[in-house]
Every structure is written in C-alpha cells, then in structure tokens.
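Engineer: task: produce atomic coordinates for the following.
(one chain, ligands or ions: 2)
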Amino acid sequence: MVNVGVMGTGYVGLVHGAVLSSYGFRVTCMDVDEHKIERLNQGISPIYEPGLEELLHEGLEKGTLSFTTSAQQVVQSSDVLFIAVGTPAKEDGSADLSYVWEVVQQIGKYINGYKVIVSKSTMPVGTSRSIALYLDGSLRGTSYRVDVASNPEFLRQGKAVSDSLAPSRVVIGTESEEAKELLKTVYATHLEQDVPFLFTNWESSEMIKYASNSFLAVKISFINELALLSEKVGARIQDIATGMGMDDRISPHFLQAGPGYGGSCFPKDTQAIVDVGRKNGEELYVVRAAIAANDKQKAKMVSKIEEVLSFDGTLKGRTIAIWGLAFKPDTDDIRYAPSYEIIQELLSRGASVKVYCPQGMRLAKQQWTELSSRIQYCDSEAECAQKADAIVLMTEWEQFRTSSWEKIVRTMRGNVFFDMRNMFTEDSVVRQWFQYYPVGSSEYGYPLQEAQ
Ligand SMILES: NC(=O)C1=CN([C@@H]2O[C@H](COP(=O)(O)OP(=O)(O)OC[C@H]3O[C@@H](n4cnc5c(N)ncnc54)[C@H](O)[C@@H]3O)[C@@H](O)[C@H]2O)C=CC1
Ligand SMILES: O=C(O)[C@H]1O[C@H](OP(=O)(O)OP(=O)(O)OC[C@H]2O[C@@H](n3ccc(=O)[nH]c3=O)[C@H](O)[C@@H]2O)[C@H](O)[C@@H](O)[C@@H]1O
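Structural biologist: Numbers count the residues shown, from 1 in each chain. Ligands and ions are numbered 1, 2, ... in the order given. Next up is the predicted model:
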C-alpha cells in the first residue's frame, strides 16, 4: 500500500488528505500551525466545508489519517508527498513561493528513500522543473531519488469534498513513468470511476491550472460588464446568460452576474499568470482586462447604492445591512471577498454598516482588524436589517431565501434591497415588499419569463 503525506493542511491539503484516507491509504498530514494540528487531532475542522468533519472523524477512528507538525515524520513515513501549502500573491502580483520552498527544503533534508513529490499547490510555470533541479542537486552523492509531478487541484470551496470524490479531471504533469504509475495507484478510484485523466509535461500541467482559473474569471468579468450595459439599455442579464448558455460551446456555467469575483484563487491566479506573461515577454491583455473589469464591477456596485441612498452626495445618516461576507456560499472563507471592499467604500462615504453572514463572521472578526471596529456584527439576517435603510445581499446563502420578509421590512427604516446575486429576481414576495435592485436589469419588479 502506498503511504501518502500531505504538507500543508489548508483547504486543499486537508480535503485531499481526508479523501485519500477514506480510500484506505495511510495519510499523514503535516502543518506548521500547531493549534490547527492540535484541533485536527481532536477531529475539529479548522474550516467550514460540508462533509469534511465526517471524513476527518472516519479517518481518525480507522487510524488511516493522522496529523503532525513534524516535517521529518511526514517525509519519512510517505512514498508520495503532496505539497499543498499556500501560494499567495505578493505586492507585485507574482506568486509567493516561500512556503513551497520551505517544504521542498525539508523534503531534501529528511528524505530516506525514493519519493514522488507532487504539487497540488498552484505554482507558476517552471516551478516543478526548479523543484526537480533543486532536489536532484541536494540528493547528489546519496542513494536517494525523487520524481516530481505537478497535479493541480480543481476543487471549489463549499463543494470541496464532493469535487474531490468525483473530480472533473485529473491532470498529471511528470516526465517519470514510475511517478505516473504510483499516482495511478493513488488515483485508482478515479480511474475506476472513468474520471478523465490527462498526462502531460510539467509546464503544461502548471499552465492548465492558471488557464482554467483565468478563463473562468474572464467569463465572469465578461458577463458582469454586459450586466452593467444591460442596466443602461433595458436588457435583462439573466435572460442573456440563459440565451447564451443554450449554446453548448458557451455553456451556462459561470455566467452569473454579481458584485465581482473573489476568493483566495481567482484574484491571485489571474495576477500571477499576467506576471508570468510579463516575465516571458507576452502581455496577457484578456486576463488583464478581466482583472480591471472585476475592480470596476465592485466600484459600480457602490455607485449604484450611492445613487439610490445618498443625501447631498454622501451616505451619512444611512444604515446599510450587509447580508453575507464570505466570497461565496457554503464556506467561511472571506479572502478577497467583494464584501470587504464594498463595506470599506460604504463606510468611507459615511454610511453605518451592520453585517451578518452564516459562516463568515468568525474569520472576519479575526482578520478584518481595521474594519471590524467600524461595523456592527449581528446574530441573524433579521437583526442585521433592523433600523436599516437598505439590505445589500452580498452572498447567496440558501437560508436567505426563507427570510420572513414582512417581519423584516417592518423593523427597517427603509425598504431598499440590493440583490448583488440576483437571488430574488423571480420572487414576487420580495419584490412586493422592497424597492428591489438586482444586477444587470434596470426593470424594477419585473416578471422573469421562463426560457423556452
Ligand atoms: N482553496 C482552494 O479552494 C484551492 C486552492 N488551490 C491552491 O492550493 C494551494 C493551497 O491553498 P489553500 O489550501 O487554500 O491554502 P491555505 O492558506 O488554506 O493553507 C495553507 C496551509 O499551509 C500551511 N503551511 C505554510 N507553510 C508550511 C510549511 N512550511 N509546512 C507545512 N505547512 C505549511 C499553512 O499553515 C496553512 O495551513 C494554493 O496554491 C492554492 O492556490 C487550488 C485549488 C483550490
Ligand atoms: O483554484 C481554486 O482555488 C479554485 O477556484 C475556483 O473555486 P472557488 O474559488 O472555490 O469558487 P468559485 O465557485 O469558482 O467562485 C469564485 C468567485 O466567482 C464568483 N462567481 C462564480 C460564478 C459565477 O457565475 N459568477 C460569479 O460571480 C463567486 O461568487 C466567487 O466570488 C474554481 O472554480 C476551482 O475550480 C478552483 O480549484
């Protein structure tokens, strides 16, 4: 049986490790964060991700999953080592690979036999080759050997467990047949499930990850710009997306207009591929435009709120209830959430801001240090709306669908509803009680026609 090690137990490392342990592999997950490891050993997940805690409990009880802070232990007990540390954006947009190099050095230091080193972390083109060169150099003169593979992760937060159990594809970039065979053993379940596999070289595999995220970001920015135009010309963005999506070549996915994309990956990966382009003498104009359009989108959302609510060009005296902080539903992740910038702008225009998010508030209180003292955290969406002039729905949490609208509106000072996710465009009850502003349609309370 292949022993698996995972270095870095964030979203990717933890979910990947837990899923592989559920397939019966002995998995050791390592992280430098002692508190995280202590809690994981008690079966407590550091992140909110549906289905994850069940997998953790199962792995801990069966003894197939263990957690450690010891790099030596994870390296020496594993045949295959997955690198799953963060690769955040630096100030200049390039990827910060310092965590990756930390673990690569530890692998070089503690290695005790043949290992396949697999990067799950999203890493700029050329990184796998550099890792292979570095390890070959540091193992020269020893009897130890490594093979390096790039194996990008495509899971979505909020659906991380189900995406890992049934991935859209498995991409493996490696120049070694031995590594390929070992990884086929690790992914035997996916091979049996007929998940598509693509074997390629390091550079293509690394690029597939950035290309996929950038393409999705471009798609979102495209529909968001058309949403802004639709508001001006009397078109409805949801009908446009439906009409476009009927063409299989376009597909209906990732055509939901909104306040701009966020999260820990699209913003950083689009910047990183632009940086790689620049360093290689190729300006990536399309991706750069998607980034600029995303910034514009967030600014336009603030202008829209301002147009409706401002007195004398400011929002002084206005109270705004923000529903949803997380960058998307079913996650507690608030990294690069559009809510952050929008709240900041509303505060700078003089508004008072109350917030509620089903899962995002714990991390917001910890991480938004400067902002947290200037906003009021509430325990429910109803409490958040009390005495507010307007609700701004930032994240499409399902629980918002069943809100008691009449009760809510009666406790408010105003009745304006900005639906940044077009969650209620077809909900006559919301439109009956609120002055309703969706994204991408200037019609108020319009009855949406079912697409034929
Ligand atoms: N979050 C997501 O949904 C996805 C992320 N990715 C990529 O996967 C990588 C990891 O992302 P996340 O899981 O979100 O990161 P994260 O930021 O949630 O977790 C990274 C973990 O690495 C740990 N770490 C840092 N230095 C370490 C070291 N020297 N040894 C061991 N652990 C160390 C940190 O303590 C942290 O727990 C990134 O490259 C990201 O772009 C790819 C697909 C999906
Ligand atoms: O590399 C990564 O980290 C991951 O990034 C995204 O996953 P994730 O960030 O979890 O979330 P998405 O569902 O892709 O949403 C990203 C952002 O785009 C926004 N979005 C998404 C879809 C859409 O139609 N419109 C839209 O505004 C979401 O609200 C969110 O802010 C990709 O979908 C994953 O395949 C990838 O593995």
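Engineer: in a strand, F418, correct?
Structural biologist: Yes - F418: assigned to a strand according to DSSP: H, G, I helix; E, B strand; the rest coil.
Engineer: quick one, what contacts the closest residue in space to C265 that isn't next to it in sequence?
Structural biologist: Leaving out its chain neighbours, the residue that sits closest to C265 by Cβ to Cβ, 6 or more residues apart in numbering is N213, at 5.8 Å. Every residue, glycine included, has its C-beta placed from N, CA and C. Listed by Cβ atoms under 8 Å, 6 or more residues apart in numbering, the contact set of N213 reads 122, 265-266, 269-270.
Engineer: any chance of these in CSV, plus pLDDT, neighbour count and distance to ligand 1?
Structural biologist: Output for the contacts of N213, formatted as CSV (pLDDT from 0 to 100; neighbours: other Cβ atoms under 10 Å; distance: Cβ to the nearest ligand atom, whole Å):
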residue, pLDDT, neighbour count, distance to ligand 1
T122, 98, 23, 4
C265, 96, 24, 5
F266, 97, 22, 10
D269, 97, 25, 7
T270, 98, 26, 12
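Engineer: and those residues, which is closest to P252?
Structural biologist: Nearest to P252 among those: F266, at 19.0 Å, using Cβ to Cβ.
Engineer: now name the helix or strand holding the residue nearest to C265.
Structural biologist: helix 202-233 (DSSP states H and E).
Engineer: just the buried residues of that helix, please?
Structural biologist: Under the neighbour-count criterion of 16 or more other Cβ atoms under 10 Å, helix 202-233 has 202, 205-210, 212-214, 216-228, 230-231 buried.
Engineer: stretch 339-351 too?
Structural biologist: Buried residues in stretch 339-351, defined by neighbour count with 16+ other Cβ under 10 Å: 339-347, 349, 351.
Engineer: same check, this time on stretch 385-400
Structural biologist: Using 16+ other Cβ under 10 Å as the test for burial, stretch 385-400 gives 385-386, 388-397, 400.
Engineer: count the neighbours of the closest residue to Y437 other than its chain neighbours for me.
Structural biologist: For Y437, ignoring the flanking residues on the chain, the nearest one in space by Cβ to Cβ, 6+ apart is F418 at 4.9 Å. Close neighbours of F418, defined as other Cβ atoms under 10 Å, add up to 25.
Engineer: thinking F418 is in contact with I391, fair?
Structural biologist: Yes - contact between F418 and I391 holds when scored by Cβ atoms under 8 Å: they sit 7.1 Å apart.
Engineer: what segments of the stretch 301-450 of the chain are strands?
Structural biologist: For the stretch 301-450 of the chain, the strands defined by DSSP state E, counting those that start in this stretch occupy 319-323, 352-356, 375-377, 390-393, 416-419, 435-437.
Engineer: would CSV of these with mean pLDDT be doable?
Structural biologist: Output for the strands of the stretch 301-450 of the chain, formatted as CSV (pLDDT from 0 to 100):
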stretch, mean pLDDT
strand 319-323, 98
strand 352-356, 98
strand 375-377, 98
strand 390-393, 98
strand 416-419, 96
strand 435-437, 93
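Engineer: JSON lines for these, including distance to R249?
Structural biologist: JSON lines is the format used below for those (distance: least, Cβ to Cβ, whole Å):
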{"stretch": "strand 319-323", "distance to R249": "36"}
{"stretch": "strand 352-356", "distance to R249": "40"}
{"stretch": "strand 375-377", "distance to R249": "44"}
{"stretch": "strand 390-393", "distance to R249": "32"}
{"stretch": "strand 416-419", "distance to R249": "30"}
{"stretch": "strand 435-437", "distance to R249": "32"}
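Engineer: nearest to ligand 2, of these?
Structural biologist: Among these, strand 390-393 comes nearest to ligand 2, with 12.2 Å by Cβ to the nearest ligand atom.
Engineer: for V104, list the residues it contacts.
Structural biologist: Taking Cβ under 8 Å, 6+ apart as the test, what V104 contacts is 83, 117, 131, 134-135.
Engineer: from those, pick the one nearest ligand 1.
Structural biologist: Nearest to ligand 1 out of the contacts of V104 is I83 (Cβ to the nearest ligand atom; 8.5 Å).
Engineer: nearest spatial neighbour of the closest one, skipping sequence neighbours?
Structural biologist: Nearest one to I83, counting by Cβ to Cβ, 6+ apart, is S119 at 4.7 Å.
Engineer: so how many other residues sit close to the one you found?
Structural biologist: Look at S119: counted by other Cβ under 10 Å, it has 29 neighbours.
Engineer: now F266: phi and psi?
Structural biologist: phi -60, psi -50 (degrees, to the nearest 10).
Engineer: so how far is N3 from it?
Structural biologist: 34 Å (Cβ to Cβ, to the nearest Å).
Engineer: quick one: the helices in the stretch 351-452 of the chain?
Structural biologist: Shown for the stretch 351-452 of the chain, the helices assigned by DSSP state H, counting those that start in this stretch span residues 361-367, 369-372, 381-385, 405-411, 428-433.
Engineer: what about the second one, average pLDDT?
Structural biologist: So the one you mean is helix 369-372. On average, the pLDDT along helix 369-372 is 92.
Engineer: ok, now the fourth one?
Structural biologist: If you average the pLDDT over helix 405-411, you get 94.
Engineer: which ones are touching the residue nearest to Y437?
Structural biologist: Taking Cβ under 8 Å, 6+ apart as the definition, contacts of F418 comprise 301, 304-305, 308, 390-393, 437.
Engineer: would you pull up the residue in the stretch 1-150 of the chain closest to ligand 1?
Structural biologist: Ligand 1 sits closest to G10 of the stretch 1-150 of the chain, with a gap of 1.8 Å, by Cβ to the nearest ligand atom.
Engineer: give me the number of residues near the closest residue to that residue other than its chain neighbours?
Structural biologist: Using Cβ to Cβ, 6+ apart and skipping the chain neighbours, the partner closest in space to G10 is G86 (6.1 Å). Residues near G86, counting by other Cβ under 10 Å, number 19.
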